Each structure stands twice: as C-alpha cells, then as structure tokens.
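> here is the input, now give the coordinates:
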Amino acid sequence: MTFRNGLDSLLRPEDSVLVLIDHQPYQLTNVNSHDPQAVVNNTTALAKVAKAFDVPTILTSVIADRGGKLFKQITDVFPGQEVIDRTWINTWEDKNVVDLVNATGRKQLIIAGLWTEVCVAMPAIQAAGEGWDVTVITDASGGSSVESHQVAIQRMIAAGVNMMTWMALASEWQRDWARTQHVEELTEVLISHMAGSGIAYMWEQQLLNTPLTNAPAGL
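Down below sits the predicted model:
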C-alpha cells in the first residue's frame with residue numbers, strides 16, 4: 001500500500017470535488033451506526049462548508065420516487081441545483097455523475113452518503129482503483145449497523161481510501177487563519193453546526209463586547 005502522507009496529501013479546496021449520495025428518508029430510517037439527527041446536522045455542515053470554499057458539489061439520489069428526495073437541509077444549501085436521480089446503486093457506474101465530476105477537472109474526490117457499506121463503499125473503492133484521490137467523510141455517512149459502518153471503513157482503507165470527519169475537512173481546507181477569504185462563512189457554519197464550540201464562540205464575542213462594569217459580582 002502507498003501511504004498517504006506529506007503536504008501534498010492534504011486536501012485543498014481548489015482541487016476538491018464533493019459528491020453527496022443518497023441522503024434520503026428511506027436510508028435514514030435504518031441508520032443505526034449514528035444518531036440520525038447527527039447525520040443530518042453533519043451532512044448539512046459539510047454541504048455548507050463546501051459552498052463556503054467554492055468546492056463543486058454534486059447531489060445524487062437513488063430512485064427518489066420510492067426512497068424520497070434528498071434532505072431539504074442539503075438542497076436548501078444549493079437552491080435550484082439539479083439532483084441526479086439514479087438507478088445504479090453504485091454511483092460511480094452512473095455516467096451522468098461521473099461526467100460532472102470529470103468536468104470539474106479536480107482529482108481530490110470527497111464522498112459522503114447513506115449507507116456506508118453500500119452506496120459509499122462501492123463508488124469510493126471503484127474511483128480509488130481508477131486513480132482518484134478519494135476521501136470519505138465518515139460522520140456525514142452512516143450504516144445500517146455499527147458493524148456494517150465500521151467494516152465498510154476497514155474495507156475502504158484497505159483499498160486506499162482516506163477517512164475524515166467534516167470538521168477535519170473544514171480545517172484542512174482553511175489550513176491557515178491568515179487566509180481570511182472564507183473565514184466569515186466558515187465561522188457561521190461552526191456556530192450553527194459545531195454545538196459547544198459554536199456556543200463558546202458566541203459567548204466569547206459577548207464577553208469581548210461586555211463592559212467590565214457589567215461583570216458578575218465577585219469578579
């Protein structure tokens with residue numbers, strides 16, 4: 001196996017393309033590897049971060065007439081964007097999706113979807129075998145059981161696929177706080193989707209703007 005290391009292995013927004021796969025009601029009802037609410041939150045955060053960093057994002061569902069439309073929280077991030085509805089279980093066998101990814105000219109392919117063991121593993125493994133630099137966002141994905149999610153991750157790692165969480169990805173894209181172009185948008189995502197860290201940031205801003213004369217007694 002070729003180890004993934006060195007500066008060039010880190011993800012860059014200008015080289016990244018994101019594919020969100022089958023975040024639909026039918027799949028969500030049998031996500032048992034994560035809290036389903038957390039999956040929705042994390043996937044929405046991932047979508048917003050991609051938009052903030054101008055990363056092309058492809059949205060795709062499978063037989064939406066039966067499985068339901070993509071979560072509104074995701075499509076609201078990309079209003080008016082077409083969702084590619086497939087019959088292929090393996091997204092990477094759907095020419096419409098692959099053509100859109102190829103058209104971006106980018107080689108760092110990022111995938112998240114439901115379920116991990118099916119609709120994430122198959123395209124990730126195939127794309128990695130075709131020479132793509134593939135990363136799966138594990139906390140914006142979910143399996144039908146803890147075991148199925150974990151085994152799928154092990155299988156993909158063995159195939160050379162990189163694993164990350166949405167916050168790790170956001171940090172890697174930002175890389176340097178001196179890069180201020182996307183800081184405002186990223187901060188808004190953290191406030192909305194990063195729970196304690198978002199609350200702590202808002203509290204920090206409150207304290208910075210509170211006169212010392214209003215400090216609680218005893219301070």
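> longest helix anywhere in this structure?
Ranked by residue count, the top helix of the chain under DSSP state H comes out as helix 36-52.
> format the CA atom coordinates belonging to the next helix or strand after it as PDB.
Later in the chain than helix 36-52, the nearest helix or strand by DSSP states H and E is strand 57-62. Taking Å, rounded to 0.1, in the frame of the first residue of the first chain, the C-alpha atoms of strand 57-62 are listed here in PDB:
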ATOM      1  CA  THR A  57     -20.800  19.700  -5.100                       C
ATOM      2  CA  ILE A  58     -22.800  17.000  -7.000                       C
ATOM      3  CA  LEU A  59     -26.100  15.900  -5.400                       C
ATOM      4  CA  THR A  60     -27.500  12.500  -6.200                       C
ATOM      5  CA  SER A  61     -30.300  10.200  -5.100                       C
ATOM      6  CA  VAL A  62     -31.400   6.700  -6.000                       C
END
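> what's strand 57-62 packed up against?
The contact analysis (3 or more C-beta pairs under 8 Å, 6 or more residues apart in numbering; DSSP states H and E) places strand 57-62 against strand 16-21, helix 36-52, strand 84-86, helix 95-103. C-betas here are computed from N, CA, C, even on glycine.
> got those as TSV, with mean pLDDT, distance to His182 and mean neighbour count columns?
What follows is the helices and strands packed on strand 57-62, written out as TSV (pLDDT from 0 to 100; distance: least, C-beta to C-beta, whole Å; neighbours: other C-beta atoms under 10 Å):
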stretch	mean pLDDT	distance to His182	mean neighbour count
strand 16-21	98	13	26
helix 36-52	98	5	22
strand 84-86	98	27	18
helix 95-103	98	22	15
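> can you redo these as CSV with distance to Ala140?
Listed next are the helices and strands packed on strand 57-62 as CSV, based on distance: least, C-beta to C-beta, whole Å:
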stretch, distance to Ala140
strand 16-21, 8
helix 36-52, 4
strand 84-86, 18
helix 95-103, 17
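> and the residue nearest the centre of the chain, how close does it get to Asn5?
Geometric centre of the chain, nearest residue: Leu46, 3.9 Å, by C-alpha atoms, centre = their mean. Distance, Leu46 to Asn5, using C-beta to C-beta, to the nearest Å: 24 Å.
> now Ala168: how far from Thr44?
Counting by C-beta to C-beta, the gap from Ala168 to Thr44 is 17 Å.
> ditto for Arg106
Note on Arg106: its distance to Thr44, by C-beta to C-beta, is 22 Å.
> what of Met122?
24 Å.
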